[in-house]
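Asks: This is a predicted model, with the sequence first.
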Amino acid sequence: MSQARPPAALTIAGSDSGGAAGLQADLRTFVTCGVHGLVAVTAVTVQNTLGVHDRTDIPANIVAAQIEAVADDMGLQAAKTGMLASAEIIHAVARACDKAGIGRDAEVPFVVDPVAASMHGHPLFDEAGLSALREELLPRATVVTPNLDEVRLLTGIDVTDRDRMREAAVALRDLGPRHVLVKSGHLVEDPECVDVLYDGTTFTELPGPRFATPHTHGAGDAMASALTAGLARGMEMAEAAKFGKWFVSNAVEHSYPMGAKVGPVSAFWRLAPEPSP
Ligand SMILES: Nc1ncnc2c1ncn2[C@@H]1O[C@H](COP(=O)(O)OP(=O)(O)O)[C@@H](O)[C@H]1O
Ligand SMILES: Cc1ncc(COP(=O)(O)O)c(N)n1
């Protein structure tokens, strides 16, 4: 007996061998949010809780071909980016998304998570990648979801409080995305963790408690991929952003230690209990 087709979302992202961030976090989030995950792999990282030790980038034409193959045959309702590795890959992604109808003014919403470095501080692309991201992807984004380090890289604004988050959201929107979601995880002095969504007119606060855990590896990916799953399911942007915030709050609350340093956020809290034997 065949089942109803679930919505599908595409992640264009790198592999994290530690399974905390990258495409592993995105696929885990998609499935626990009821969405079939499609993947265009951009890079393979050799990564654990101590850092990113090595990596190899996938040829740009193969990244583009993955996007086109799944879009042509399987169809998708939303797409997101994570680690894009190089300017060459960003050019190829921009062209492939245009062909596949993914983008700010296209049928399929496009979530650009402007991942610039791993949480250990290891760069995931260089200066040319940053310019390509600013010039080619931000104007194509339905929403961009930077953390505060990425805000500084993209706008030069050093966010130290919630008012500055709003100022940064306005500056980022001037770079072309339809919506901006500034993430607040790095405002460590703030007792709450309030992300801000801006659509050019209205600021929507996404409130949540700040959990006192050191284990937040993959939090940004979980937030952006849950938001993407929400869009794939047909939610409006503000609703999808609230859904993403709800998902990541739970993921951080249930995060666990693993390895010598920062452990992963969890998606286990969403699994249905198994029947008792
Ligand atoms: N300690 C925390 N408690 C609750 N939520 C958190 C915590 N740290 C991060 N978050 C949430 O996780 C998401 C990712 O945050 P952030 O750390 O800013 O991004 P990134 O993981 O990309 O560096 C945001 O929605 C943020 O509100
Ligand atoms: C392959 C890959 N993609 C993204 C991240 C960013 O995630 P984080 O900021 O939690 O390190 C990462 N570390 N690795």
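Replies: The structure has been received and is ready for your questions. None of these values were measured; they are calculated from a predicted model. Ligands and ions are numbered 1, 2, ... in the order given.

Asks: drop to CA atoms for contacts and neighbour counts, all remaining ones
Replies: Will do.

Asks: what's the burial count for residue 14?
Replies: 27 (other Cα atoms under 10 Å).

Asks: ugh, typo on my part, it should be residue 234
Replies: What residue 234 shows, counting by other Cα under 10 Å, is a neighbour count of 14.

Asks: Mind pulling up the pLDDT for it?
Replies: As predicted, residue 234 sits at a pLDDT of 98.

Asks: Residue 1 too?
Replies: Looking at residue 1, its pLDDT stands at 66.

Asks: let's have the chain start at 7 instead
Replies: Right, with 7 as the first residue, what we last looked at is residue 7.

Asks: Can you give me the end-to-end span of stretch 273-283?
Replies: End-to-end span of stretch 273-283 (Cα to Cα, to the nearest Å): 24 Å.

Asks: Report whether that stretch contacts ligand 1.
Replies: No: with Cα under 6 Å from any ligand atom as the criterion, ligand 1 is not reached by stretch 273-283; the gap is at least 13.1 Å.

Asks: List the contacts of that stretch.
Replies: Stretch 273-283 has contacts (Cα atoms under 8 Å, 6 or more residues apart in numbering) with 34-35, 38, 256-257, 260.

Asks: Go again with 7 Å.
Replies: Stretch 273-283 has contacts (Cα atoms under 7 Å, 6 or more residues apart in numbering) with 35, 38, 257, 260.

Asks: Just the buried positions in it, please.
Replies: residue 273 (16 or more other Cα atoms under 10 Å).

Asks: Can you add neighbour count and give the contacts of stretch 273-283 back as TSV?
Replies: Converted to TSV, those look like this (neighbours: other Cα atoms under 10 Å):
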residue	neighbour count
35	30
38	18
257	24
260	18
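
Asks: List just the nearest of the residues you listed to ligand 1.
Replies: Nearest to ligand 1 out of those is residue 257 (Cα to the nearest ligand atom; 8.3 Å).

Asks: The helix or strand harbouring the closest one vs ligand 2: in contact?
Replies: Element membership of residue 257 [criterion: DSSP states H and E] is helix 243-259. No: contact of helix 243-259 with ligand 2 (Cα under 6 Å from any ligand atom) is absent, the minimum separation being 11.5 Å.

Asks: just how off-centre is that helix within its chain?
Replies: Put simply, helix 243-259 sits 12 Å off its chain's centre (Cα atoms, centre = their mean, to the nearest Å).

Asks: residues in contact with that helix?
Replies: 212, 214, 217, 222, 225, 228-230, 232-233, 236-237, 271-273.

Asks: out of those, which are inside helices?
Replies: Mapping these onto helices (DSSP state H) picks out 225, 228-230, 232-233, 236-237.
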